[in-house]
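Asker: What follows is a predicted protein model with its sequence.
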Amino acid sequence: MRRIRLVALLAVALLAAPLLVRAANEGANAYKELGLFGDVLELVQSNYVEPVDTDKLIAAALNGMLTSLDPHSSYLDPKSYQEMQVETKGEFGGLGMEVTLKDGLVQVVSPIDDTPASRAGLQAGDLITAIDGKSVMGLTLSEAVDKLRGPRNSSVKLTIHRGSAEPFDLTLTREVIKMHPAHAQLYGKIGYLRIAIFSERADKEVRAALDSLRHQAGGPLQGLVLDLRDDPGGLLEQSVAVAGDFLDSGQIVSTRGRRAQDDQQFKAEGEDRTKGVPMVVLINGGTASAAEIVAGALRDNHRAVVMGVRSFGKGTVQTIIPIPGHGAVRLTTARYYTPSGHSIQDVGIEPDIVVHAGKAEAAKEARRLRESDLPRALKNPDGAPAKIDKEPGESGPATAQATSSSSGGDVQLERALDYLRGAAAPKGEARP
């Protein structure tokens, strides 16, 4: 038993050393706590009613340590680490949605465009209470995600709780999710560019989409709508690259952490590929992380008007730290700040022009989970409180409602197009 305990302690020390070295330097008490961990592990190995897998116990302990910090830090075992690497490349197997845990249940943060989840009608805020008839209560987020994934063309039944409606079942067929970050469309001479996620191909696809829009328009655009609604974010470097596609100069984002080496500034280092045409950025409660960086950069540099409703409010940076032979650690290492020096952590980005969606979309917004709703979410360093969204019709900054619909019933997009048509109208002409 002494040998088992020493082996277990060595394994814990090897895994935890990169995370605990700072704490150890600040006091030897951290290593005493490792001894306590070893004592408990030995008790479990000796007395638990069934044999235990020591590797699984240690992985669960590491994950528990990290998830106690904030909602975005976690331990990735080798399998999860490999899956995460595949996801960032924009191609993976599954249903196509961002999820989190809320009160022990799996909650949909945002379905990804043109995936089984979006085609089945899953909505932000939906609670998944059971997977294939088995309750999700007691599962970790990684365990729940593993159950949602599976072989291509296999089916999975989800039990959904939506608002006050009766729970219902949805059966989805898993696919290899090939995410195309950018989608473009032309409305007259005004371009529409949607970015669904900031995966590795985001900037490349954005540039191709802008070229396509100019070609379709037969020349320069008169305006551009950049749609970041329900974009859950992604890679920091991709958000910097995409923001730089619309800026000639200026700061895009800065990061600040506990250590000086975590402080960075990212600036535009190219040219505005749209040549300064009027821009509107659409945001909503599903606009998060990297998408918020882009919205904040374009707003603070006075390059675009931000329209819609308050964004998600994730203003922290996670660093993936590989542990050779043992997966990796996802650790929150810094907060990011918009060019004006403000953190959006826990509060989100407030639009310049508040435009509420139609009734159906407004109902989804009311159920939507935001950063401030997540357990252990870090507070805004400026002390700014999380804001409560106003209902349609209430007073607020430049509140507006769109009623016409040349854009398929999307009132927020219609309002953005109306704004740009007015911005493009020659002086002296009537503007809508």
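Answerer: All right, it came through fine. Numbering: from 1, shown residues only.
Asker: domain ranges for the chain?
Answerer: Domains of the chain are assigned by automatic domain parsing as 2-52, 91-177, 180-424.
Asker: how about the strands of the stretch 151-300 of the chain, start to end?
Answerer: Taking DSSP state E, counting those that start in this stretch, the strands of the stretch 151-300 of the chain run over residues 155-161, 168-173, 175-178, 182-187, 190-195, 223-227, 251-257, 264-267, 279-283.
Asker: which of the ones you listed has the lowest average pLDDT?
Answerer: Lowest mean pLDDT of these: strand 175-178, a mean of 82.
Asker: Buried residues in it, which are they?
Answerer: Residues 175, 177 are the ones in strand 175-178 that count as buried (16 or more other CB atoms under 10 Å). Quick note: C-beta positions are derived from backbone N, CA and C, even for glycine.
Asker: Tell me how far it lies from the chain's centre.
Answerer: 19 Å (CA atoms, centre = their mean, to the nearest Å).
Asker: again with stretch 221-232
Answerer: 17 Å.
Asker: With only the CA atoms kept, save that stretch in PDB.
Answerer: The C-alpha coordinates for stretch 221-232 follow below in PDB (Å, rounded to 0.1, in the frame of the first residue of the first chain):
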ATOM      1  CA  LEU A 221     -19.800  48.000 -51.900                       C
ATOM      2  CA  GLN A 222     -22.000  50.900 -50.500                       C
ATOM      3  CA  GLY A 223     -22.100  49.300 -47.100                       C
ATOM      4  CA  LEU A 224     -21.500  46.100 -45.100                       C
ATOM      5  CA  VAL A 225     -23.400  44.300 -42.400                       C
ATOM      6  CA  LEU A 226     -21.100  42.100 -40.300                       C
ATOM      7  CA  ASP A 227     -23.300  39.600 -38.500                       C
ATOM      8  CA  LEU A 228     -21.800  38.200 -35.300                       C
ATOM      9  CA  ARG A 229     -25.100  37.100 -33.700                       C
ATOM     10  CA  ASP A 230     -24.900  33.600 -32.100                       C
ATOM     11  CA  ASP A 231     -21.100  33.500 -32.800                       C
ATOM     12  CA  PRO A 232     -19.700  31.700 -29.800                       C
END
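Asker: Check which residues of that stretch are buried.
Answerer: Under 16+ other CB under 10 Å, the buried positions of stretch 221-232 are 221-232.
Asker: out of the residues you listed, who's nearest A328?
Answerer: P232 (20.3 Å; CB to CB).
Asker: Which pLDDT value goes with that closest one?
Answerer: 89.
Asker: Now it: phi and psi?
Answerer: For P232, the backbone dihedrals are phi -80, psi 0 (criterion: degrees, to the nearest 10).
Asker: and it, what is it in contact with?
Answerer: 98, 109-110, 112, 197, 286, 288-289, 291 (CB atoms under 8 Å, 6 or more residues apart in numbering).
Asker: Equivalent analysis for G348, please.
Answerer: Taking CB under 8 Å, 6+ apart as the test, what G348 contacts is 285, 292, 310-313, 370-371, 386-387.
Asker: Which of those residues fall within strands?
Answerer: When the contacts of G348 are checked against strands (DSSP state E), there are no matches.
Asker: Buried ones only from these, please, as a ChimeraX command.
Answerer: With 16+ other CB under 10 Å as the criterion, this ChimeraX line picks the buried residues out of the contacts of G348:
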select :285,292,310,311,312,313,370,371,386
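Asker: Using a markdown table, please lay out the contacts of G348 together with pLDDT and distance to I353.
Answerer: Output for these, formatted as a markdown table (pLDDT from 0 to 100; distance: CB to CB, whole Å):
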| residue | pLDDT | distance to I353 |
| --- | --- | --- |
| G285 | 92 | 16 |
| E292 | 97 | 17 |
| R310 | 94 | 12 |
| S311 | 95 | 14 |
| F312 | 93 | 19 |
| G313 | 95 | 19 |
| R370 | 88 | 20 |
| E371 | 90 | 23 |
| A386 | 60 | 21 |
| K387 | 60 | 16 |
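Asker: Return the subset of the contacts of G348 lying in helices.
Answerer: Those of those mapping onto helices are E292, per DSSP state H.
Asker: Distance to A59 for the contacts of G348 - can I get that in a markdown table?
Answerer: What follows is those, written out as a markdown table (distance: CB to CB, whole Å):
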| residue | distance to A59 |
| --- | --- |
| G285 | 33 |
| E292 | 32 |
| R310 | 37 |
| S311 | 34 |
| F312 | 29 |
| G313 | 30 |
| R370 | 30 |
| E371 | 26 |
| A386 | 33 |
| K387 | 38 |
